[in-house]
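A.B. asks: Coordinates for the following, if possible.
(chains A and B)
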Protein chains: 2
Amino acid sequence: MVAIEKILQGSPLDAARLITLLESGDPAGRQALKALYPHTGRAYRIGVTGPAGAGKSTLVSRLIGGLRGRGLTVGVLAVDPSSPYSGGALLGDRIRMQAHAADPGVFIRSMASRGRPGGGIGRNVREAALVMDAMGCAVILIETVGAGQGEVEIAGCAHATAVVSVPGLGDEIQAMKAGLLEIADIYVVNKADLPGAEELAAMLASLAAGRRSGPKPPVLLTVATANQGVDRLVEELLALRGALEADGRMAARRAADEWGLLREIVMEMAARRLFAESPGLARLREELGRRAVDPYTAAERIVAAVMGRPWD
Amino acid sequence: MVAIEKILQGSPLDAARLITLLESGDPAGRQALKALYPHTGRAYRIGVTGPAGAGKSTLVSRLIGGLRGRGLTVGVLAVDPSSPYSGGALLGDRIRMQAHAADPGVFIRSMASRGRPGGGIGRNVREAALVMDAMGCAVILIETVGAGQGEVEIAGCAHATAVVSVPGLGDEIQAMKAGLLEIADIYVVNKADLPGAEELAAMLASLAAGRRSGPKPPVLLTVATANQGVDRLVEELLALRGALEADGRMAARRAADEWGLLREIVMEMAARRLFAESPGLARLREELGRRAVDPYTAAERIVAAVMGRPWD
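C.D. replies: Numbers count the residues shown, from 1 in each chain, chains lettered A, B, ... in the order given. Below is the predicted model of the structure:
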C-alpha cells in the first residue's frame, strides 16, 4: 500500500518509495498517482542543464539555499546519464547537495537515465515531479547533464529551463547551439571568474538576440562556488514564472507536459497489449526469423489482430 | 513510383530517393521496402562509433578503401548528431569521404538524428541499411558520433561494432566505459602516434579482459590519416563476420534487428491510430486541460476506446 496521506503531508520516505515504485512500472504506483493527481499542478518546475563540468550541482545547491531563504520548499530531481547496461549512476557530484539533506523543506532524488531506448525518461521525470508536487514542493529543480536528445526531452518536462555553460568548453558550445540553447529561458555563465567568461556571455547574448520568436533570454553570470550571482538568478527564475503565466506560455507548457505524460502512458499500455505473448505472435516471430514475411506485413498483421477500429 | 528494379541494379539515385521517402514516413516507401525485402539479408553491417574528434570519418574513408581493394561494394550511413529544432546536420567531416564519391561501388548517405524523442532513429537507420542491402552493398558502415543513448540504439542496428577512441580524451572514456565499450566487438585506438596511445590500448585491453560474457574484443591501433593499421582492421572486421556466424551471434543479432524494426513499425502504426483526431480525443484533451481527469484514467480511456482484446 502506498501511504497517500503521508505523501500529502510531505513525508520524504513515502515519496521516495512511491517514486521507486513508479520507476519499476508497478501498477500500484499508477493507482497512487491517480489519487495524488488532484493535489498537483501547483509546483514550478525549473530545468537546469548544461555540459558536464559546468558546475551544475554546485549551482543547484546554491539555488536550493536561495529558494529556501525565500521560504520556498524545494524538490530536486538529478537525472544522471548512465549506461543502459551497467545501471550505475554517476552520483559523485550529488554529494555537494547533501548540505541540504537535513532540511525538511528540501527533497532530493537521483534518477538514472539508462535503458530507455524508446524514450521513457520523460515519463519517469514527469511522475517523480508529480509526486514532489503532491508532497508540497513549491519549486522543483530538474538537473540534467549533457546536450543530447534526452536533455531536450527532459527540458520538455519543465516549465522553465536554465542552460548553464562555462568558459573554455568551445566544442560543447557548438553542440549546445544546435539544441539546448534554443529552448533556454535563461542562459547562465557559471565559473564567471574564469578567463573568457565575458566573451561567452557576449556570444550567448548575441544568440539570444538572434532568436526568431519569443522573449530574448537574459544572460546571467554566476560563480556558484562563491555564491556570486546566485541571488540574482533566483530572482530571475521567480520573475520568469510570472512572465510565463502572464503571456500564456505557462498554460501551453503545462498542457504540453500533461499531454506528453498521457502519450507515454498510452504507448506503454499499447505496447504491452501489442506484444503480449500469444500463439499468434510466436508464429509471426518464427515466420520473421526465416524471412517468410517482411517486417511491414508482419507489423500490419499485429496491428490488425490486436487493435480495433478508432473510436467515434 | 519507386524504381524497384533500378534499386536492385544498384542505382544510387533511386536508392537515395527511396531513403528520403522512408525518412519522410511516406507509405510508398514502406510498400517499396516490402518489394525489396526478399532481396535483402546478405549485407554485413558494421557500426563505427566513438567520441567527436576521434577521427572516425577519416578512418571510415580508409576502411572504404580497404574493402574496395578486396572487391567488396560498400555502403556508408553517416548519422549526424544534430538539433531536434534546427534540422541542420554537421556534415563538415563527411567531405573527407568524397574521395570515394566517383566510385560506383561506394554509396554514401548522411542522416540527421534530430527530432526523434520517442526513439525512431533506429527505424531510419534500419530502413536505409535495407535499401543499401537491396542495391547490393556487401558491407555497410554505420558511422555515429558520441556515446549517448542514441549510439547504443544505433549499434543495435549493426551486426558488429567497432568503438574508436583516441589518446587524450580522458573524460570521454568514463562515459564510454559505461555504455558503448560494453557493446564493442573491436576496440580501435586511432591517432595511435599520439602520446598516451599505449596506455589507452592497455586500459581497453584490461576492460576487454574483464568482460563477463562472450569473446574478448581485440584492441587495434590505427593512424587513419597515414593509413596505418587499417589493413589489419579490415581483416579483423571480415574475420569477425565468420566468427559471429559460427557461434550463432550473427543469427541472434539479425533476429534482434528485425524484431526491433518490426516493433518500431508497429508502435508507429499504433500511435497513429491511438491519437487520430476524433471527437472523443478532443473531448479528453479538453478534460485533461482543465484537470477534470488525470492522465492515467485518460490513457486507460484511449486504450479501451481504440484497442480491442489481444488476439488468440
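A.B. asks: Show me the helices in the stretch 51-200 of chain A, by range?
C.D. replies: Ranges of helices within the stretch 51-200 of chain A are A:56-69, A:121-134, A:149-155, A:170-178, A:180-183, A:197-209, based on DSSP state H, counting those that start in this stretch.
A.B. asks: Any idea which of those gets closest to chain B?
C.D. replies: Ranking those by proximity to chain B (CB to the nearest CB) places helix A:170-178 first, at 3.6 Å. Placement of C-beta: from N, CA and C, glycine included.
A.B. asks: Nearest to residue A:47, out of the helices of the stretch 51-200 of chain A?
C.D. replies: The closest of the helices of the stretch 51-200 of chain A to residue A:47 is helix A:149-155. By CB to CB, the value is 4.8 Å.
A.B. asks: Identify the residues contacting residue A:164.
C.D. replies: Each residue near residue A:164 by CB atoms under 8 Å, 6 or more residues apart in numbering or on different chains is listed here: A:48, A:49, A:50, A:54, A:55, A:56, A:59, A:188, A:190.
A.B. asks: Could you find the closest non-adjacent residue to it?
C.D. replies: residue A:50 (3.5 Å; CB to CB, 6 or more residues apart in numbering or on different chains).
A.B. asks: do residue A:73 as well
C.D. replies: residue A:105 (4.6 Å).
A.B. asks: Next, that neighbour: phi, psi?
C.D. replies: phi -90, psi 10 (degrees, to the nearest 10).
A.B. asks: For it, give me its contacts.
C.D. replies: Applying CB under 8 Å, 6+ apart, we find residue A:105 in contact with A:68, A:72, A:73, A:74.
A.B. asks: quick one on the thing from earlier: any idea which of the contacts of residue A:164 is the one closest to residue A:300?
C.D. replies: Ranked by distance to residue A:300 (CB to CB), the contacts of residue A:164 are led by residue A:49 at 40.0 Å.
A.B. asks: quick one: buried residues of stretch A:22-40?
C.D. replies: By 16 or more other CB atoms under 10 Å in any protein chain shown, the buried positions in stretch A:22-40 come out as A:22, A:29, A:30, A:32, A:33, A:34, A:36, A:37, A:40.
A.B. asks: Take those and keep only those in helices.
C.D. replies: Among the buried residues of stretch A:22-40, the members found in helices (DSSP state H) are A:22, A:29, A:30, A:32, A:33, A:34, A:36.
A.B. asks: just to revisit the earlier point, pLDDT score for the residue nearest to residue A:164?
C.D. replies: On pLDDT, residue A:50 comes in at 84.
A.B. asks: these two touch, right, it and residue A:57?
C.D. replies: No: under the criterion of CB atoms under 8 Å, residue A:50 makes no contact with residue A:57, lying 11.0 Å away.
A.B. asks: Below-threshold pLDDT in chain A: ranges please.
C.D. replies: A:81-98, A:114-120, A:146-151, A:170-181, A:308-312 (pLDDT under 70).
A.B. asks: report the longest helix in it, please.
C.D. replies: helix A:249-274.
A.B. asks: Do any residues in that one lie close to chain B?
C.D. replies: Yes: Helix A:249-274 is in contact with chain B by CB under 8 Å from any CB of the partner chain, via A:255, A:258-259, A:261-263, A:265-267, A:269-271, A:273-274.
A.B. asks: Turn those residues into JSON lines, including neighbour count.
C.D. replies: JSON lines is the format used below for the residues of helix A:249-274 next to chain B (neighbours: other CB atoms under 10 Å in any protein chain shown):
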{"residue": "A:255", "neighbour count": "13"}
{"residue": "A:258", "neighbour count": "20"}
{"residue": "A:259", "neighbour count": "16"}
{"residue": "A:261", "neighbour count": "25"}
{"residue": "A:262", "neighbour count": "23"}
{"residue": "A:263", "neighbour count": "21"}
{"residue": "A:265", "neighbour count": "23"}
{"residue": "A:266", "neighbour count": "23"}
{"residue": "A:267", "neighbour count": "23"}
{"residue": "A:269", "neighbour count": "19"}
{"residue": "A:270", "neighbour count": "24"}
{"residue": "A:271", "neighbour count": "15"}
{"residue": "A:273", "neighbour count": "16"}
{"residue": "A:274", "neighbour count": "23"}
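A.B. asks: And the spatially closest residue to residue A:132 that is not a sequence neighbour, how far from chain B?
C.D. replies: Using CB to CB, 6+ apart and skipping residues adjacent in sequence, the residue nearest residue A:132 is residue A:75, 3.4 Å away. Computed as CB to the nearest CB, to the nearest Å, the residue A:75 to chain B distance reads 19 Å.
A.B. asks: Tell me how many other residues crowd residue A:75.
C.D. replies: Neighbour count of residue A:75, defined by other CB atoms under 10 Å in any protein chain shown: 27.
A.B. asks: Just list the residues touching it, thanks.
C.D. replies: A:43, A:106-109, A:129, A:132-133, A:135, A:137, A:139-141.
A.B. asks: which of the ones in helices among the buried residues of stretch A:22-40 are close to chain B?
C.D. replies: Among those, the residues within reach of chain B (CB under 8 Å from any CB) are A:30, A:33, A:34.
A.B. asks: what sits against residue A:2?
C.D. replies: Applying CB under 8 Å, 6+ apart, we find residue A:2 in contact with A:14, A:17, A:18, A:21, A:28, A:29, A:31, A:32.
A.B. asks: And what about it, helix, strand or coil?
C.D. replies: coil (DSSP: H, G, I helix; E, B strand; the rest coil).
A.B. asks: Report the separation between it and residue A:226.
C.D. replies: To residue A:226, residue A:2 is 42 Å away according to CB to CB, to the nearest Å.
A.B. asks: same thing with residue A:43?
C.D. replies: Taking CB to CB as the measure, residue A:43 and residue A:226 are separated by 29 Å.
A.B. asks: try residue A:190
C.D. replies: 11 Å.
A.B. asks: Between those two, point out the one with more neighbours.
C.D. replies: residue A:190 (29 against 12).
A.B. asks: For residue A:61, see how far away that one is.
C.D. replies: Distance, residue A:190 to residue A:61, using CB to CB: 12 Å.
A.B. asks: Give me the common contacts of those two.
C.D. replies: Shared contacts of residue A:190 and residue A:61, defined by CB under 8 Å, 6+ apart, comprise residue A:224.
A.B. asks: burial count for the closest residue to residue A:222 other than its chain neighbours?
C.D. replies: In this structure, residue A:222 finds its nearest non-sequential neighbour in residue A:229, 3.7 Å apart by CB to CB, 6+ apart. Neighbours of residue A:229 under the rule other CB under 10 Å: 19.
A.B. asks: so who does residue A:229 touch?
C.D. replies: With CB under 8 Å, 6+ apart, residue A:229 has these contacts: A:192, A:220, A:221, A:222, A:223.
A.B. asks: Please report how far it lies from residue A:8.
C.D. replies: Taking CB to CB, one finds residue A:229 at 36 Å from residue A:8.
A.B. asks: what does residue A:270 give?
C.D. replies: Counting by CB to CB, the separation of residue A:270 from residue A:8 is 31 Å.
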